[in-house]
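Enquirer: sharing a model prediction with you, sequence too.
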Protein chains: 2
Amino acid sequence: MTSSKGDVASNRPLRLGVAGLGTVGAGLAILLRDNADIITARAGRPIEITAVAARDRNRDRGIDLSALTWHTNAVDLANDPGVDVVVELIGGAEGTARALVESALTAGKAVVTANKALLAIHGDALARLSARHNAPLLFEAAVAGGIPAIKTVREGLAADRLLSIGGILNGTCNYILTAMRETGRDFADVLAEAQELGYAEADPSTDVDGIDAAHKLTILASLAFGHPVEFDSVHVEGIRSIGAHDLSFARALGYRIKLLGLARRSERGVEARVAPCLVPETAPIAQVDGVFNAVIAEGTFVGRLMVEGRGAGAGPTATAVAADLIDVARGNTVPVWGTDIRTLKSVRSRPASEWRGAFYLRLTVADRAGVIADITAILRDCGVSLSSMIQHPSARQGDDVPLVLVTHPTKESAMQAALERIAALDVVSTAPVLIRIEAF
Amino acid sequence: MTSSKGDVASNRPLRLGVAGLGTVGAGLAILLRDNADIITARAGRPIEITAVAARDRNRDRGIDLSALTWHTNAVDLANDPGVDVVVELIGGAEGTARALVESALTAGKAVVTANKALLAIHGDALARLSARHNAPLLFEAAVAGGIPAIKTVREGLAADRLLSIGGILNGTCNYILTAMRETGRDFADVLAEAQELGYAEADPSTDVDGIDAAHKLTILASLAFGHPVEFDSVHVEGIRSIGAHDLSFARALGYRIKLLGLARRSERGVEARVAPCLVPETAPIAQVDGVFNAVIAEGTFVGRLMVEGRGAGAGPTATAVAADLIDVARGNTVPVWGTDIRTLKSVRSRPASEWRGAFYLRLTVADRAGVIADITAILRDCGVSLSSMIQHPSARQGDDVPLVLVTHPTKESAMQAALERIAALDVVSTAPVLIRIEAF
């Protein structure tokens, strides 16, 4: 293990091997150069990149890295004697990234990574490897970019029993939903624009289908509840089904639509899901717009806390990586999940059928007598109580009109049963859109 | 020094001596009892109160502390061999609190405190004492209650060069201003209600005159800029002069009024002030209402970050104290101001006369021809450019009417010169109200 109080006292530079020189890797190199005075003072010693691994040695990254040791195979950084800490910025839950992190930890080297997929899927095994080899593994940059979400939950709120954790964890989706609300345009249109602006990938599915947010939620929930949460137990819905209509209906009802990752713990287990939600427009999280992220935690003693900031980008993400490096340099590290992995027990996930909440349901129905009676009868038969209903005849499409129903809190299983029967009605055309309502 | 990596490994309980058993002290005892499982797991060892010092042994504090060692003189906790860490919850910059903290640090014991006045006024000397005796001094609870503001700035943003720090740092003032806006009532009326509800002290001056916020701002600015900031260099204004009129005029102009502590660093020095400000009603900080606090930091790489949560109360504040105790138990402490005090240089404070910004000016003027011409001529002569002007004739009081002027950004010295001449006009009755506008 390279980080110990003894090393800190030595003032010897902390030598980094950086794997991956994309936006964040290059941003880190620039940050370490531009803020070297501050970082040295706060770390108690200089932090320097000595070796790198990246595909293209000749790309212009805005900083001259030619004097460093270049490795063709990133995994070789783990055994480079000139490297104290491995910084993994390759990404992906498998392949080189995983091999490098495992090799570095096994070699007793501290690892700092921004890799949310790796931590979400293999975090438990990596925590054991980290503990066995006394090699710290830090990942502040994996969740919410420049927001110190990991440190806030793992250390700032360490003394409290958290009841819930989550928030707006994907800037691409938040940008798209914000633009849809502000312009009245539809999902596909705004996505195309986001891709042009570089806010969405050419293949946007990891973002818009909620996977990225689910990775981050898995990490936050594992930290918050002190139990490893299984990535596969997280219920995931994306934002592709949200239409321009939904944004305007939500507004009429006093809500905004946000893709939220939310995990709650009760005596009956942990409920974790990523899904678009209606949130009251007066709630602080409703005001977090564009590419910004927000993390909300609620504890029994501390109450509710919200942090918002830039969830992505070279600068913010690099500051998170460098904050971890300063902790390593100081020797101030903690176990991966905040407590000794050997004492952790896994926790029961509550299946979706057990959840409770209020729902927004948008249907496209034939504009004829008796339709509403049929639908409300099904809801009644399934034990779902209606809170309000709105229609905009002006939004007619051919013979069809949109109909929006808002329910009182009900069991998810009851709502799904009603939805299945409603969707099967002849008078209901196109797939219904069901969105949960979060009170906050 | 009681905290070291070696001690952590030992699993020996960390033994606390708690001075002061008011709301926060009793809250801490309850938190340590109720969350003992979590706290032990995260600290790697139990954290237990073994000794206390408080005036009244027999008061009902909601928890039985009779089995502990009781000290009549709190300072004796520093030398109690059964105490590893002193928790100072007495308060006040001088007297017993200061003597206890100095004695404990000198004895090489870690100190955890919620004492903002002590840190703001004697932080520099205490940082030297802490360094000299290798005794950590932690004070998360001193700023913004349950919000981990100190950790966010000192560790989460450690790699970035911060340009500004501050926010809503006093819950009493925020409660009063929120209630004034929502009810249209005047300051004195709402203050009386806040006193009845326990949100304001019988002597409210430390809160409503901005002193408490200035203590917190001094601490945040010292951490953010890596330089000790002199408490006396902070410009302080409270909220007593804000009237119900100002809240309604602000609303008409698209603003809300918040008591903000704000410190900014530029090449010309640090500008630090506590004062009521107009903030755009769409800014996230404008939405932070009631007793909630918010801390905003802005860095060159990280951009803007905001944390909001409960800034006071037994539960939130106790979680902050206990988070510090977990850090001590883990041996994960840092120097008081985040860097070695011996390397810190003091920083120039920019005098108020050098500041720039836009202003809101409310005058009470005689309702007669030529008044506005006289006032605008003075502004022009002083080089202050006007952005807008509003009057509500319906708010007439006798022959007088309120007149509100909003300026473009200008030098504070120019505005003050104009204000002095305007206030001296015969047609201006009652003292003008000048409020700075913060764009965010």
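Expert: Now that the structure is in, tell me what you want to look at.
Enquirer: residue contacts, the residue of the stretch 1-150 of chain A found nearest chain B?
Expert: As assessed by C-beta to the nearest C-beta, chain B sits closest to residue A:148 within the stretch 1-150 of chain A, at 2.8 Å. Every C-beta, even on glycine, is put in place using the N, C-alpha and C of the backbone. Applying C-beta atoms under 8 Å, 6 or more residues apart in numbering or on different chains, we find residue A:148 in contact with A:140, A:307, A:320, A:323, B:151, B:152, B:155, B:156, B:157.
Enquirer: can you check residue A:349 too?
Expert: For residue A:349, the contacting residues are A:229, A:230, A:233, A:269, A:270, A:271, A:272, by C-beta under 8 Å, 6+ apart.
Enquirer: a strand runs through the last one, doesn't it?
Expert: Yes: looking at residue A:272 with DSSP: H, G, I helix; E, B strand; the rest coil, it is inside a strand.
Enquirer: check contacts around it.
Expert: Taking C-beta under 8 Å, 6+ apart as the definition of contact, the neighbours of residue A:272 are A:217, A:218, A:221, A:229, A:233, A:234, A:235, A:261, A:262, A:263, A:264, A:349.
Enquirer: distance to residue B:190 and pLDDT for those - can I get that in TSV?
Expert: Supplementary listing: the contacts of residue A:272 in TSV, determined by distance: C-beta to C-beta, whole Å; pLDDT from 0 to 100:
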residue	distance to residue B:190	pLDDT
A:217	41	98
A:218	45	97
A:221	41	96
A:229	45	90
A:233	48	94
A:234	45	96
A:235	45	96
A:261	39	98
A:262	36	97
A:263	39	97
A:264	36	96
A:349	47	89
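Enquirer: going by distance to residue A:135, which of these wins?
Expert: residue A:218 (22.0 Å; C-beta to C-beta).
Enquirer: can you report phi and psi for the closest one?
Expert: When read as degrees, to the nearest 10, the backbone of residue A:218 gives phi -60, psi -40.
Enquirer: what residues are up against it?
Expert: Applying C-beta under 8 Å, 6+ apart, one finds that residue A:218 lies in contact with A:119, A:120, A:123, A:229, A:230, A:231, A:234, A:272.
Enquirer: narrow the residues you listed to those in helices?
Expert: Per DSSP state H, helices hold the following members of the contacts of residue A:218: A:119, A:120, A:123.
Enquirer: got the residues of the stretch 51-200 of chain A near chain B?
Expert: The stretch 51-200 of chain A comes close to chain B at residues A:140, A:146-148, A:151-152, A:155-161, as judged by C-beta under 8 Å from any C-beta of the partner chain.
Enquirer: and the closest residue to chain B within the stretch 301-440 of chain A, which of the three is it?
Expert: Among the residues of the stretch 301-440 of chain A, residue A:322 lies closest to chain B, at 3.3 Å counting by C-beta to the nearest C-beta. Applying three-state DSSP to residue A:322 yields a three-state assignment of helix.
Enquirer: how about the nearest residue to it, chain neighbours excluded?
Expert: Counting by C-beta to C-beta, 6 or more residues apart in numbering or on different chains, the nearest residue to residue A:322 once its immediate chain neighbours are dropped is residue B:159, at 3.3 Å.
Enquirer: my read is that that neighbour contacts residue A:315, right?
Expert: No: if you go by C-beta atoms under 8 Å, residue B:159 and residue A:315 don't touch, sitting 10.5 Å apart.
Enquirer: and the two? which has more neighbours close in?
Expert: Here residue B:159 and residue A:315 are set side by side on neighbour count (other C-beta atoms under 10 Å in any protein chain shown), and the busier one is residue B:159, at 27 against 22.
Enquirer: now do the SS call for that one.
Expert: Under three-state DSSP, residue B:159 falls in the coil class.
Enquirer: same deal with residue A:359?
Expert: Taking three-state DSSP as the rule, one finds residue A:359 in the strand state.
Enquirer: what pairs with it across the strands?
Expert: residue A:436 (DSSP bridges).
Enquirer: got the contact list for the residue located most distally from the centre of chain A?
Expert: Most distant from the centre of chain A: residue A:369, at 44.9 Å, with distances by C-alpha atoms, centre = their mean. Neighbouring residues of residue A:369 by C-beta under 8 Å, 6+ apart: there are none.
Enquirer: wouldn't residue A:287 be in contact with residue B:287 here?
Expert: Yes: using C-beta under 8 Å, residue A:287 is in contact with residue B:287, at 5.6 Å.
Enquirer: picking up where we left off before, now the residues of the stretch 51-200 of chain A next to chain B as a markdown table including pLDDT?
Expert: Listed next are these as a markdown table, based on pLDDT from 0 to 100:
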| residue | pLDDT |
| --- | --- |
| A:140 | 98 |
| A:146 | 95 |
| A:147 | 97 |
| A:148 | 98 |
| A:151 | 98 |
| A:152 | 98 |
| A:155 | 97 |
| A:156 | 97 |
| A:157 | 97 |
| A:158 | 97 |
| A:159 | 97 |
| A:160 | 97 |
| A:161 | 95 |
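Enquirer: farthest-apart pair in the residues you listed, please.
Expert: Pairwise distances across those peak at 27.5 Å for A:146 and A:161 (criterion: C-beta to C-beta).
Enquirer: more neighbours: these two, which one.
Expert: A count of neighbours by other C-beta under 10 Å puts residue A:146 above the other of residue A:146 and residue A:161, at 29 against 20.
Enquirer: quick one: which helix or strand includes the residue lying closest to the more buried one once chain neighbours are set aside?
Expert: In space, and not counting its chain neighbours, residue A:146 is closest to residue A:316: 2.7 Å by C-beta to C-beta, 6+ apart. Assignment of secondary structure by DSSP states H and E places residue A:316 within helix A:314-330.
Enquirer: quickly list the domain ranges of chain A.
Expert: Per automatic domain parsing, the domain ranges recorded for chain A read A:5-145+A:316-343, A:149-311, A:354-437.
Enquirer: output these in a markdown table, with distance to residue B:204 appended to each entry.
Expert: Compiled in a markdown table, these are given as follows (distance: least, C-beta to C-beta, whole Å):
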| stretch | distance to residue B:204 |
| --- | --- |
| domain A:5-145+A:316-343 | 38 |
| domain A:149-311 | 24 |
| domain A:354-437 | 40 |
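Enquirer: need the strands for the stretch 301-440 of chain A, in chain order.
Expert: All strands of the stretch 301-440 of chain A, identified by DSSP state E, counting those that start in this stretch, fall at A:303-310, A:356-366, A:386-391, A:400-407, A:410-411, A:428-437.
Enquirer: anything in the first one near chain B?
Expert: Which is strand A:303-310. Yes: judged by C-beta under 8 Å from any C-beta, strand A:303-310 and chain B are in contact via A:303, A:304, A:305, A:306, A:307, A:308, A:309, A:310.
Enquirer: in those residues, find the pair that's most separated.
Expert: Pairwise distances among those were taken by C-beta to C-beta; the largest, 25.2 Å, belongs to A:303 and A:310.
Enquirer: of those two, which one has the most company?
Expert: More crowded of residue A:303 and residue A:310, by other C-beta under 10 Å: residue A:310, with 23 against 18.
Enquirer: from the contacts of residue A:272, which land in strands?
Expert: Counted as lying in strands by DSSP state E, out of the contacts of residue A:272, are A:235, A:261, A:262, A:263, A:264.
Enquirer: ramachandran angles for residue A:174?
Expert: Geometry field for residue A:174 lists phi and psi as phi -70, psi -40, criterion degrees, to the nearest 10.
Enquirer: for residue A:297, list the residues it contacts.
Expert: Contacts here follow C-beta under 8 Å, 6+ apart; on that basis residue A:297 touches A:152, A:153, A:157, A:162, A:164, A:165, A:224, A:304, A:305, A:306.
Enquirer: secondary structure element holding it?
Expert: If you go by DSSP H and E, residue A:297 is part of strand A:292-299.
Enquirer: now list whatever residues contact both of residue B:159 and residue A:315.
Expert: Residues touching both residue B:159 and residue A:315 (C-beta under 8 Å, 6+ apart): A:31, B:301.
Enquirer: dump the residue contacts of the nearest residue to residue A:435 once chain neighbours are set aside.
Expert: Closest residue to residue A:435 in three dimensions, ignoring its sequence neighbours and counting by C-beta to C-beta, 6+ apart: residue A:360, at 4.5 Å. With C-beta under 8 Å, 6+ apart as the criterion, the residues that contact residue A:360 are A:246, A:249-250, A:253, A:255, A:278, A:404-406, A:434-437.
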